[in-house]
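**Student:** model the following, please.
(one chain, ligands or ions: 2)
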Amino acid sequence: MDQSKEQRILNSVSYNAVKGDPESVLDCIDKYCSQKEWAMNVGDEKGLILDNVVKEADPTTALELGTYCGYSAIRIARLLKPKAHLFSIEFNPEFVPIAKEIIEIAGLSDKVTILEGHAQDIIPQLKSKYDVDTLDFVFLDHWKERYAPDTILLEECGLLRKGSILLADNIIYPGAPEFLEYIRNHKRFECTNYPSHLEYMKVEDAMEKAVYLG
Ligand SMILES: O=C(CSCCNC(=O)c1cc(-c2ccc(F)cc2)cc(O)c1O)c1ccc(O)c(O)c1
Ligand SMILES: [Mg+2]
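**Tutor:** Numbers count the residues shown, from 1 in each chain. Ligands and ions are numbered 1, 2, ... in the order given. Below you'll find the predicted structure:
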């Protein structure tokens, strides 16, 4: 059976990246996806925005919605302080083993737990099943129409605290209009927009940061 694009990305990382070197894994994926096959990783340009917001948040507990091949999980986890942890939720069973392997090659398996399933099913379990108190940082990069309902769910589950930082990808392309409308009109969020481009393309995109004011 033909390999999937995600398996080909893993093959490229496995063959070309330096084991235990997250930067090398990121560079390999960016090279492959800009030169060979486009893929929906956050990429190097928006990745720098992600890096800066993670550094600002300096999270002890972080959550990512939409693991895909693990690229943004590696960007986040490589910046985490000792004992800090990233939970990453992915619903597509084909992506989970590939992301796990790529994160293992980066040497970050101890910092990342991938949870397979839908965000709306797993978020309500984070406190009871995964011993999460509150989330310091959340990266939203899953189905764009789920950004708003899952943000509401995070709040309802008591997972946000004063100062929790949310960062959402793809605000322009593919777009997340309901999310943007929700957080910009919700008095308990302070929003900042970061114009950028769609990964590996000259197409306009943006990220939106929303700080929860409690
Ligand atoms: O991961 C998923 C769903 S698939 C990935 C979502 N991401 C995208 O769709 C995505 C798409 C594009 C893009 C696609 C085609 C284009 F022509 C141009 C751009 C770019 C991105 O940066 C993206 O992030 C998930 C769903 C439910 C869950 O509950 C969960 O936990 C996870
Ligand atoms: Mg994205």
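
**Student:** what residues does this protein have near ligand 2?
**Tutor:** Applying Cβ under 5 Å from the ion, we find that the chain lies next to ligand 2 at 141, 169-170. From N, CA and C alone the C-beta is placed, and that goes for glycine too.

**Student:** 6 Å instead, please
**Tutor:** With Cβ under 6 Å from the ion as the criterion, the chain meets ligand 2 at residues 40, 42, 141, 169-170.

**Student:** stretch 203-211 near ligand 1 at all?
**Tutor:** No. Stretch 203-211 lies apart from ligand 1 when judged by Cβ under 6 Å from any ligand atom; the minimum separation is 7.4 Å.

**Student:** what lies in contact with that stretch?
**Tutor:** Here stretch 203-211 makes contact (Cβ atoms under 8 Å, 6 or more residues apart in numbering) with 46, 49-50, 53, 151, 163-173, 179-180, 183, 189-199.

**Student:** those in strands, which ones?
**Tutor:** 163-168, 189-197 (DSSP state E).

**Student:** now these: which count as buried?
**Tutor:** Buried members of the ones in strands among the contacts of stretch 203-211, counted by 16 or more other Cβ atoms under 10 Å: 164-168, 189, 194, 196-197.

**Student:** next, count neighbours for residue 55.
**Tutor:** Other residues near residue 55 come to 10 when the count uses other Cβ atoms under 10 Å.

**Student:** secondary structure element holding it?
**Tutor:** helix 43-57 (DSSP states H and E).
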